[in-house]
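In: Need coordinates for the below:
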Amino acid sequence: MNEFAGPRISVIDPISSAMARTKLILFQPFNLDRWFLIGFCAWLADLTRPGGPSFSYRNSSHSTEQIGAQITQHLPIIIFVGAVLLTIGLAVTVVLLWLSSRGRFMFFHCVAENRDEVKAPWRKYRQLGNSLFLFRLALMFIVLFCSGLLIAAAIILGITLRHAAGPLPISLIAVAGIPLLVIIAVAFAVIEKFAKDFIVPLMALRNCTCTVAWQEFLDLLGANKGRFALYLLFQIALTLAVAALLFLVALATCCCAGCIIMIPYLGTVLLLPVHVFTRSYSLLYLAQYGPAYDAIAATAPEPQPQPEQEPEQEPRSYTPPPIQGL
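Out: Okay, here's the model as predicted:
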């Protein structure tokens, strides 16, 4: 069965609608206070960004032997310092992950309902945000566990083979390990992208947990694999286009704009049209799969019924009473 036989789904059509919605939210009329409120929600939603582990190797048997000797000599201190730094890093990451999960629903609320609120969506989506946080937390630990196993295996093999003749064994480890780490990083980034673009609106529409939303989305994804693959490719193209535009702006302003963009929160407010456009685009793309997936229409305020007006009565002609006695 051809998966493209259903309703017409386009990655181009939502662009004009997303631009019009961005103009409606931010420029009709322009309100600086509104920008800072919506910008705060957008900044909170992007506190954490998907990233992948890195792997590097210096091709020198002498330096490898020195590193191995230093590690063996100071192993207890290295383990203690590493454990402390790892604990602090994980604690900070978990807090940012929780805030970001709540922030994604807050920003969704601002864009879908065209509002500039902070407290109301923070309370309204508390349970949904916590459900999304638990899913992302589990995903993070799975990625760290798989990456840690690969890196630990590479380190153990590297120490074991450090006395082998030539750099060939270590090079083989790098050739085998780096592609696996790249695959893990790409898979993590795709899951995070789908969670941000589609799982959040599905959870809000259905008022369900993250697991239930994923079950529904996987059914939709299974029937439209080519369409969602095209969506990801188009998102990459959009990201490259925005990056090129920002690079040109930075050059035109002698890097002043680039420095401002790097400032937390202030940079998000400055780039708020980009954030509102991307959030609007994903919502409008999902809405093409049917009214049940249209988050913007579902959250639009219902029109107030107009009071019925009584029909105007025609003026009656006045007939004077007859004069008595004549």
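In: okay, CA-based contacts and neighbour counts for the rest of this
Out: OK.
In: Mind jotting down where the strands sit in the stretch 151-300 of the chain?
Out: Listed in chain order, the strands of the stretch 151-300 of the chain (DSSP state E, counting those that start in this stretch) amount to none at all.
In: residue ranges with poor pLDDT in the stretch 1-150 of the chain?
Out: 1-7, 49-75 (pLDDT under 70).
In: can you pull out the helices in it?
Out: All helices of the stretch 1-150 of the chain, identified by DSSP state H, counting those that start in this stretch, fall at 13-27, 32-45, 61-73, 75-113, 119-124, 126-160.
In: now for those helices, which one comes closest to residue 275?
Out: helix 32-45 (7.0 Å; Cα to Cα).
In: Tell me the buried residues in the closest one?
Out: 34, 35, 36, 37, 38, 39, 40, 41, 42, 43, 44, 45 (16 or more other Cα atoms under 10 Å).
In: Please tell me how far the last one sits from residue 210.
Out: So the one you mean is residue 45. 16 Å (Cα to Cα, to the nearest Å).
In: Go ahead and flag the most central residue of this structure.
Out: For the chain, the residue sitting closest to the mean C-alpha position, by Cα atoms, centre = their mean, is residue 196 at 3.7 Å.
In: got the contact list for that one?
Out: By Cα atoms under 8 Å, 6 or more residues apart in numbering, the contact set of residue 196 is residue 104.
In: ok, it to residue 260 distance?
Out: 26 Å.
In: wait, doesn't residue 283 sit right on residue 200?
Out: No. The criterion here is Cα atoms under 8 Å, and residue 283 misses it with residue 200 at 10.0 Å.
In: Could you find the closest non-adjacent residue to residue 256?
Out: residue 250 (6.5 Å; Cα to Cα, 6 or more residues apart in numbering).
In: Could you report the distance from the one you found to residue 242?
Out: 12 Å.
In: neighbours of residue 234, just the number please.
Out: 14 (other Cα atoms under 10 Å).
In: so it sits right up against residue 14, yeah?
Out: No. At 11.9 Å, residue 234 does not count as touching residue 14 under the criterion of Cα under 8 Å.
In: what does stretch 253-262 rub up against?
Out: 246, 247, 249, 250, 266, 267, 268, 270, 271.
In: What subset of those residues is buried?
Out: 246, 250, 266, 267, 268, 270.
In: For residue 122, state which of the residues you listed is nearest.
Out: Here the nearest of the buried ones among the contacts of stretch 253-262 to residue 122, counting by Cα to Cα, is residue 268; it sits at 19.1 Å.
In: surely the closest one meets residue 42?
Out: Yes. Using Cα under 8 Å, residue 268 is in contact with residue 42, at 7.0 Å.
In: now the buried ones among the contacts of stretch 253-262 as a markdown table including distance to residue 135 and pLDDT?
Out: Formatted as a markdown table, the buried ones among the contacts of stretch 253-262 follow (distance: Cα to Cα, whole Å; pLDDT from 0 to 100):
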| residue | distance to residue 135 | pLDDT |
| --- | --- | --- |
| 246 | 33 | 82 |
| 250 | 37 | 75 |
| 266 | 29 | 89 |
| 267 | 28 | 87 |
| 268 | 26 | 90 |
| 270 | 31 | 90 |
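In: can you tell me which of those are in helices?
Out: Mapping the buried ones among the contacts of stretch 253-262 onto helices (DSSP state H) picks out 246, 250, 266, 267, 268, 270.
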